[in-house]
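> Sequence first, predicted coordinates after that:
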Amino acid sequence: MLKNHSTTCRITQGISRRSFLKLAQALSIYSFPAYSRINHKDRSPGFDVKTIREVDYADVRLTGGPLKEQFDRIYTSYLALDNDRLLKVYRQRAGLPAPGEDMGGWYDAAGFVPGHSLGQYISGLARFARITGDQAAYDKTRALVRGFAATLGAHHYPFASKKAEITWPCYILDKHEIGLIDAYRLAGVTEAKEILSEVIHGALPYIPDHTYDRGPNSPKQAPYDEPYILPENLFQSYEITGNPALFALAQKYLLNAEYFEPLARGEDVLPGKHAYSHVIALSSGAKAYEALGENRYLQAIRNAWDLLETTQRYASGGWGPKETFVQPHRGELAKSITSTHDHFETPCGCYAQCKLARYLLRFTGDARYGDGLERVLYNTLLGAKDPDGEGRFFYYSDYHPDTVKTYYHAKWPCCSGTLVQGVADYAINVYFLSAQGIYVNLFTPSEVSWRQNGIPVRLLQSTSYPVEGSIELRVRTPTPVSFTIFVRVPGYLTEPAEIMVNGKLFSGPAEPRTFAAIGRIWRDQDTIEIAFPLRPRIEPIDDRDPHLVSVMRGPLMLVAINGTAELASRQLLLPEALTPSNGGRLKYRHDGLEFELVPFYQVGDERYTSYFQT
């Protein structure tokens, strides 16, 4: 694989020779494509994945609004988790003293997937540490990494289950990797880099030696495991360690024949597949495009997004009733409204879609992906019930008539891991950077800092969006500097946005579903004022059931609260009978019927209905 000793030394910099040799030996059973034989002929013309980039977590601060309120609550909740409880099942398996109470639910030694979410908790805490600068979060991240490392033993065994009882080893390995990656990159935990390759090495004997799709034909040694989710974090592990075996391993688990290649050809292979795992796998395709430059991966993830948006999506932006993609054009989304209460695997699904949207925004600069990110974030994750502190979490968004938000039936489910990661990511969903300037993707009270042509610049955003449609952006800079502020103009608008720059009408294009490019020499205290009309509208659930509709206002899905039992049998005059209420709400008054519609994220314990007959 390596041509000479000098190449070996360069690539393995940052990992001990002993660790590398052990990993290379373990990987020798696989048939890997050599690192030096990347197929560059398949690169996209003008391939450059760094045109638009994410902002560092440390450079964004949420300053108010509903995202900040939830951000603070979730941070407080996870910071309060007891380290001994989180590490107990790992210490028990390693034969170490294991103080603390049992976690219960999925997480315990006798649970469904013991210790499954530890890596995600570490990942989320590392992200919060980077954003907030709070030493308590840095300390907790480091303590959990060190505690986990102490349980690995001589063979670097990374699972909480005993060897004959491992459930979903690929799934758990992927979580360990992102925890260690984020602990190292975001929280500065050097030990995380040191053990990353060793954790992968320790897992290799227990994960499949090939990729395969989840389903009834899964190998018996790991039923329903998901090896195809591994590549994204294996590519990232390679970036950190320089170990070429990890680069090859990432390519090994790409689900090319069954998934990416047919998607790239425009085939719809989604129906019947497990929804969350196949959307999170698209981030592996995105990372493969970034690492390999092969156009088929970009085409696959773009086509998959199109299918999600046009054939699978509820008004909320969610998808996958009972965690399964439906057959399009058969009215299956409409049927699901009354056949199940499990409509969208909320923290997991939102986390997967927001990650995919960020990749696509960076690769293409297309505002439609910002629209999709905004919709799913405001209507699903923001609307999740807060954890109760004892292990109960909001799992499914429920769009059944006359229903209520509930917790999952078992403690510490998978969504407990993606909840902390997804909420921490609020900050990096708001802004993106390029050589030309700053992209404003979400509208929420916040500020972002960066250097433009060597000059420190801050952009301050003030707004009560999404309740109201007015936004102010204010530039702070010590000296005049030339750059462009790209403002996303949402696709729900029916006319160009109204934008004022220092009180004068912006004369450039500001069409819906584009980024309005406002370029000039910016001076301190320059301002942009933006107005988005937020008019109520209706959206049919699918193409077979045009009379079953949701009510939308701006990016928000509105639901009727309290006294909604009779709505399923009534035909409503929508949107004609709607009038504005307070706080972004609407009143319905017609034919003796009166009720209020509120944003889904504002619903607490009230009974609500999401879809209506017109």
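Nice, I can see it. Numbers count the residues shown, from 1 in each chain.
> Now do the helix or strand hosting Tyr184, average pLDDT.
Following DSSP states H and E, one finds Tyr184 within helix 169-187. Helix 169-187 carries an average pLDDT of 97.
> got it, and stretch 259-270?
Mean predicted confidence for stretch 259-270 is 98.
> Alpha carbons of it, in PDB - could you do that?
The C-alpha trace of stretch 259-270 is given here as PDB (Å, rounded to 0.1, in the frame of the first residue of the first chain):
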ATOM      1  CA  TYR A 259     -27.500   2.700  -3.000                       C
ATOM      2  CA  PHE A 260     -25.200   5.400  -4.300                       C
ATOM      3  CA  GLU A 261     -24.900   4.100  -7.900                       C
ATOM      4  CA  PRO A 262     -28.700   3.700  -8.600                       C
ATOM      5  CA  LEU A 263     -29.300   7.100  -6.900                       C
ATOM      6  CA  ALA A 264     -26.700   8.700  -9.100                       C
ATOM      7  CA  ARG A 265     -28.600   7.300 -12.100                       C
ATOM      8  CA  GLY A 266     -31.800   8.800 -10.900                       C
ATOM      9  CA  GLU A 267     -33.400   5.600  -9.700                       C
ATOM     10  CA  ASP A 268     -35.700   5.800  -6.700                       C
ATOM     11  CA  VAL A 269     -34.400   3.100  -4.300                       C
ATOM     12  CA  LEU A 270     -35.800   4.700  -1.200                       C
END
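> So Gly285 is in contact with Tyr297, correct?
Yes. With contact defined as CB atoms under 8 Å, Gly285 reaches Tyr297; the gap is 4.6 Å. C-betas here are computed from N, CA, C, even on glycine.
> shared neighbours of those two, anything?
Applying CB atoms under 8 Å, 6 or more residues apart in numbering, one finds that Gly285 and Tyr297 are jointly contacted by Phe260.
> If you count contacts, what does the helix holding Tyr184 end up packed against?
Where contact means 3 or more CB pairs under 8 Å, 6 or more residues apart in numbering; DSSP states H and E, helix 169-187 is packed against helix 118-132, helix 135-149, helix 190-203, helix 231-241.
> Please pull up the helix or strand immediately following the helix or strand hosting Lys287.
Lys287 is part of helix 275-292 when elements are defined by DSSP H and E. As assigned by DSSP H and E, the chain's next helix or strand after helix 275-292 is helix 295-307.
> and that next one with helix 275-292, angle?
150 degrees (axes from the mean of the first three to the mean of the last three CA atoms, to 10 degrees).
> any idea of the mean pLDDT for helix 295-307?
The model assigns helix 295-307 a mean pLDDT of 98.
> what sits up against it?
Contacts of helix 295-307 (CB under 8 Å, 6+ apart): 42-44, 259-261, 263-264, 266, 268, 270, 279, 282, 285-286, 288-289, 356-357, 359-360, 363-364, 369, 372.
> Mind listing what's buried along it?
For helix 295-307, burial by neighbour count (16 or more other CB atoms under 10 Å) applies to Arg296, Tyr297, Leu298, Gln299, Ala300, Ile301, Arg302, Asn303, Ala304, Trp305, Leu307.
> Output it as PDB, nothing but the C-alphas.
In PDB, the C-alpha atoms belonging to helix 295-307 read as follows (Å, rounded to 0.1, in the frame of the first residue of the first chain):
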ATOM      1  CA  ASN A 295     -19.100  13.000  -9.300                       C
ATOM      2  CA  ARG A 296     -21.400  10.000  -8.700                       C
ATOM      3  CA  TYR A 297     -21.500  10.700  -5.000                       C
ATOM      4  CA  LEU A 298     -22.600  14.300  -5.500                       C
ATOM      5  CA  GLN A 299     -25.200  13.300  -8.000                       C
ATOM      6  CA  ALA A 300     -26.500  10.600  -5.600                       C
ATOM      7  CA  ILE A 301     -27.000  12.800  -2.700                       C
ATOM      8  CA  ARG A 302     -28.600  15.500  -4.800                       C
ATOM      9  CA  ASN A 303     -31.000  13.000  -6.300                       C
ATOM     10  CA  ALA A 304     -31.800  11.600  -2.900                       C
ATOM     11  CA  TRP A 305     -32.600  15.100  -1.600                       C
ATOM     12  CA  ASP A 306     -35.000  15.600  -4.500                       C
ATOM     13  CA  LEU A 307     -36.700  12.300  -3.700                       C
END
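> Please pull up the helix or strand immediately following it.
helix 332-339.
> Put the alpha carbons of that following helix into CSV.
Provided in CSV are the C-alpha atoms of helix 332-339 (Å, rounded to 0.1, in the frame of the first residue of the first chain):
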residue,chain,number,x,y,z
GLU,A,332,-49.2,6.2,1.6
LEU,A,333,-48.3,9.4,3.4
ALA,A,334,-52.0,10.3,3.7
LYS,A,335,-52.8,6.8,5.0
SER,A,336,-50.1,7.0,7.6
ILE,A,337,-51.7,9.9,9.3
THR,A,338,-54.3,7.6,10.9
SER,A,339,-52.5,4.3,10.7
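> Domains in the chain, by residue range?
433-463+470-531, 536-613 (automatic domain parsing).
> Show the average pLDDT along the last one.
Over the span of domain 536-613, the pLDDT mean works out to 94.
> Run the chain-centre distance for it.
28 Å (CA atoms, centre = their mean, to the nearest Å).
> How much space separates the spatially most central residue of the chain from Leu381?
Of all residues in the chain, the one closest to the mean position by CA atoms, centre = their mean is Tyr351, 2.3 Å from it. Distance, Tyr351 to Leu381, by CB to CB, to the nearest Å: 8 Å.
> Show me whatever sits in contact with both of those two.
By CB under 8 Å, 6+ apart, the residues touching both Tyr351 and Leu381 are Gly422.
> residue contacts, the residue nearest to the centre of the chain?
Ile280, Leu381, Thr418, Gln421, Gly422, Asp425.
> need the next SSE after the helix or strand harbouring the fifth one, C-terminal direction.
Gly422 belongs to helix 415-424 when elements are defined using DSSP H and E. Elements were assigned by DSSP H and E; along the chain past helix 415-424, the next helix or strand is helix 426-430.
> Thanks again, I'm all set now.
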